[in-house]
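> Based on what follows, work out the 3D shape:
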Amino acid sequence: MAKKTDFKKRRKTPAGAVKLSNRENALFIKTLKTAVVEKSVEGIYSAALRLCLPDAEIVARFGTDGELKSREHNLVALFEFKFNHDLKDRKTLAKILVQTVYYMKKWEKLGLQMPKVILVGDENECFVMLSNVLDQYLRMEGVDWNVAPSQAYLFNREMLNKIVDDEEIKPFVFNVESGDFDFSTVVDKMLDLNKHGPVRLVRITESNIANIFHYFKDNVLKEEMDTNKQVKLFVNILTAEKEHYLQPKVKNVLVTPDGKVKVDSGAFKSFFAHFDSNYSPTEKAKLIQNCDRLLENEKRRRDGAFFTPQMWVEEADKMISKHLDAEWKHNYVVWDCAAGTGNLTADFKFKDLYVSTLNAEEIDIQEQGGINEDATKFQYDFLSEEGIDGVPEKLKKAFESGKKVLFFINPPYGTANNLDAIKKGGSKEGMALTEVNKIMLQENIGASAQQLYSQFLYKIMKLKMKYGNKVVICVFSPPLFLTGESFEGFRKAFLPNFDFKYGMIFQASEFADVASNWGISFSIWN
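Below you'll find the model as predicted:
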């Protein structure tokens, strides 16, 4: 049995990593020479990094080749591994960095801690660089960030050519096959850049502001106040930071132009050690414009509706395209009947899109923000009737004429007896007592009639049965309707009408302000 390595007794590099022994370094080089595919290269580098940084946690999110976190060194690094690439060639380098920018955009959209260091390697070369040199490309206007990162250089020639010509991007490329190559030197450079390079702060943008606001509300703010005041304080801190400061002599007190506010001082300092607070006047104006969106999202949460993170919207689109119809946005009449402020469909182009929501104010927000400009938008209580008498005539005719209809929805998850919501002061009592709820109870569907999302699905089923045209459901929801005992009656009615096509499940905490101990599913029903 092999002896367990005692990393504490191993030699350290000048930067503080564990130094590879001559044998380990030689084995790293030798093993890389045997690699025949990119995945092998990834595994070999990852193994060597774990030896050098024993506390390293390496995960692969968003389709990347890996993300390394080391608490000991306060390091977050992004990896990109290739096979048989000439890393000294400017165009090859630029293609890889365009891919890296698109990955970093996913971090930025979610308000996550950005990787400060980038490691790129193949079987005979590697380099390390700071990620901040790519910031200007993260802020390029008019970019379609929904493109797959690996293919981004094909669609974004402007970014590709700019990086090729960028004099600031000239990383030193290590030759793995040189006689004196030592992988520990590469790790040392990572740690040195991480330690002495500029602090990597997360920019707050329109894409991630909702998630970041909820972090602020839940972790920094310690005073009870209504949502309007919470949002105002949050945005004012970002746009007028000099007028908002911690009381020097009194702990946990924030001084503001409107008076003193109780906060967690440590969390407040941590917040601004993580998120950028320096914005241009134009950027500040955009942050202020998001106040309405934050207020509206808070109201929707009280009603059991959750803002769908863009990452999962993109994943749902890929899944529908792969497992249902690559041209679904063109081949179907698409209806988001629980649209809210419209983020589920906002970033796509549709031939025939309808978006409806219970609250007319949400339609106003879409109009003001230029969201779903080509769609037919209308206020409509989807659960107020069994049929569709209250919808635009054109949509009604789509059903009557037998057109294919696809429901792309993230319906509210509330019930009439949501005790957690009641405790938080946002009671949902009575909200499930809709016309569809009455119909479900009359048809002996059972306790699941109390669930709003099951009411949406049941109404859609009724429309399919009435009009007989092809109806597809692509829905974000709790997965309980597939397994829960209270949904037995629902399944008996629903499953004879729809076939499960494909799906995924992830932690509910991916939605801001939602606990992590339950799941959210996305499923396609044909």
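> and the next element down the chain from the lowest-mean-pLDDT helix or strand in the chain?
The element with the least model confidence among the helices and strands of the chain, by mean pLDDT, DSSP states H and E, is helix 419-423, at a mean of 32. Following helix 419-423 in sequence order, the next helix or strand is helix 435-442 (DSSP states H and E).
> Quick check: buried residues in the helix or strand following that following helix?
Using DSSP H and E, the helix or strand that follows helix 435-442 in sequence is helix 452-467. Of the residues in helix 452-467, those with enough neighbours to count as buried (16 or more other CB atoms under 10 Å) are 452-464, 467. From N, CA and C alone the C-beta is placed, and that goes for glycine too.
> Kindly present those as JSON lines, with separate columns for pLDDT and distance to residue 180.
Conversion of the buried residues of helix 452-467 to JSON lines gives the following (pLDDT from 0 to 100; distance: CB to CB, whole Å):
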{"residue": "452", "pLDDT": "91", "distance to residue 180": "66"}
{"residue": "453", "pLDDT": "94", "distance to residue 180": "62"}
{"residue": "454", "pLDDT": "95", "distance to residue 180": "66"}
{"residue": "455", "pLDDT": "95", "distance to residue 180": "69"}
{"residue": "456", "pLDDT": "96", "distance to residue 180": "65"}
{"residue": "457", "pLDDT": "97", "distance to residue 180": "65"}
{"residue": "458", "pLDDT": "97", "distance to residue 180": "70"}
{"residue": "459", "pLDDT": "97", "distance to residue 180": "70"}
{"residue": "460", "pLDDT": "97", "distance to residue 180": "67"}
{"residue": "461", "pLDDT": "97", "distance to residue 180": "69"}
{"residue": "462", "pLDDT": "96", "distance to residue 180": "74"}
{"residue": "463", "pLDDT": "96", "distance to residue 180": "71"}
{"residue": "464", "pLDDT": "95", "distance to residue 180": "70"}
{"residue": "467", "pLDDT": "93", "distance to residue 180": "74"}
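> in the stretch 51-200 of the chain, which spans are strands?
57-59, 67-70, 75-81, 117-121, 125-130, 173-175 (DSSP state E, counting those that start in this stretch).
> which one of those strands is the most hemmed in?
Counting by mean count of other CB atoms under 10 Å, strand 117-121 has the highest mean neighbour count of the strands of the stretch 51-200 of the chain, with a mean of 24.
> so how far is that one off the chain centroid?
Distance of strand 117-121 from its chain centroid, counting by CA atoms, centre = their mean, to the nearest Å, is 23 Å.
> Quick one: mean pLDDT over that strand.
Per-residue pLDDT over strand 117-121 has a mean of 94.
> strand partners of it, parallel vs antiparallel please.
Here strand 117-121 is paired, per DSSP bridges, with strand 75-81 (parallel), strand 125-130 (antiparallel).
> got TSV for those strands, with mean pLDDT too?
As requested, the strands paired with strand 117-121 are arranged in TSV below (pLDDT from 0 to 100):
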stretch	mean pLDDT
strand 75-81	92
strand 125-130	92
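> Please name whichever of those is nearest to residue 407.
Using CB to CB as the measure, strand 75-81 is the one of these that comes nearest residue 407, at 36.9 Å.
> outside of that closest one, which residues touch it?
The list of residues contacting strand 75-81 from outside it, by CB atoms under 8 Å, 6 or more residues apart in numbering, reads 38, 41-42, 45-46, 53, 58, 64-69, 96, 99-100, 103-104, 113-122, 131, 190-191, 194, 200.
> Buried members of those into PyMOL, please.
The buried subset of the contacts of strand 75-81, as determined by 16+ other CB under 10 Å, is captured in PyMOL by this line:
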select buried, resi 38+41+42+45+46+53+58+64+65+66+67+68+69+96+99+100+103+104+114+115+116+117+118+119+120+121+122+131+190+191+194+200
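> hmm, back to that, could you dump the strands of the stretch 51-200 of the chain into a markdown table with distance to residue 523 added?
As requested, the strands of the stretch 51-200 of the chain are arranged in a markdown table below (distance: least, CB to CB, whole Å):
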| stretch | distance to residue 523 |
| --- | --- |
| strand 57-59 | 25 |
| strand 67-70 | 28 |
| strand 75-81 | 31 |
| strand 117-121 | 36 |
| strand 125-130 | 41 |
| strand 173-175 | 46 |
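> To residue 221, which of these lies closest?
Closest approach to residue 221 among the strands of the stretch 51-200 of the chain (CB to CB): strand 75-81, 26.1 Å.
> Return the closest one as CSV; C-alpha atoms alone will do.
Taking only C-alpha atoms (Å, rounded to 0.1, in the frame of the first residue of the first chain), the coordinates of strand 75-81 have been written out as CSV:
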residue,chain,number,x,y,z
LEU,A,75,-6.6,31.9,-5.7
VAL,A,76,-9.3,31.5,-8.3
ALA,A,77,-7.9,30.4,-11.7
LEU,A,78,-9.6,29.4,-14.9
PHE,A,79,-8.1,26.6,-17.1
GLU,A,80,-8.3,26.0,-20.8
PHE,A,81,-6.5,22.9,-22.2
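> what's the offset of that strand from the middle of its chain?
Per CA atoms, centre = their mean, the displacement of strand 75-81 from the mean C-alpha position of its chain is 19 Å.
> quick one on the thing from earlier: Serialize the buried residues of helix 452-467 to a markdown table and add fields for distance to residue 171.
Converted to a markdown table, the buried residues of helix 452-467 look like this (distance: CB to CB, whole Å):
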| residue | distance to residue 171 |
| --- | --- |
| 452 | 52 |
| 453 | 49 |
| 454 | 54 |
| 455 | 56 |
| 456 | 51 |
| 457 | 52 |
| 458 | 57 |
| 459 | 56 |
| 460 | 53 |
| 461 | 57 |
| 462 | 60 |
| 463 | 57 |
| 464 | 56 |
| 467 | 60 |
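> ok so, going back, please name whichever of the strands paired with strand 117-121 is nearest to residue 522.
For these, proximity to residue 522 was assessed by CB to CB; strand 75-81 is nearest, at 26.3 Å.
> Pull out the buried positions in stretch 163-181.
Of the residues in stretch 163-181, those scored as buried under the neighbour-count criterion (16+ other CB under 10 Å) are 163, 164, 166, 169, 171, 173, 174, 176, 181.
> again, but for stretch 211-226
211, 212, 213, 214, 215, 216, 217, 220, 221.
> follow-up on the earlier one: now render the strands paired with strand 117-121 as JSON lines, adding distance to residue 399.
Supplementary listing: the strands paired with strand 117-121 in JSON lines, determined by distance: least, CB to CB, whole Å:
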{"stretch": "strand 75-81", "distance to residue 399": "48"}
{"stretch": "strand 125-130", "distance to residue 399": "55"}
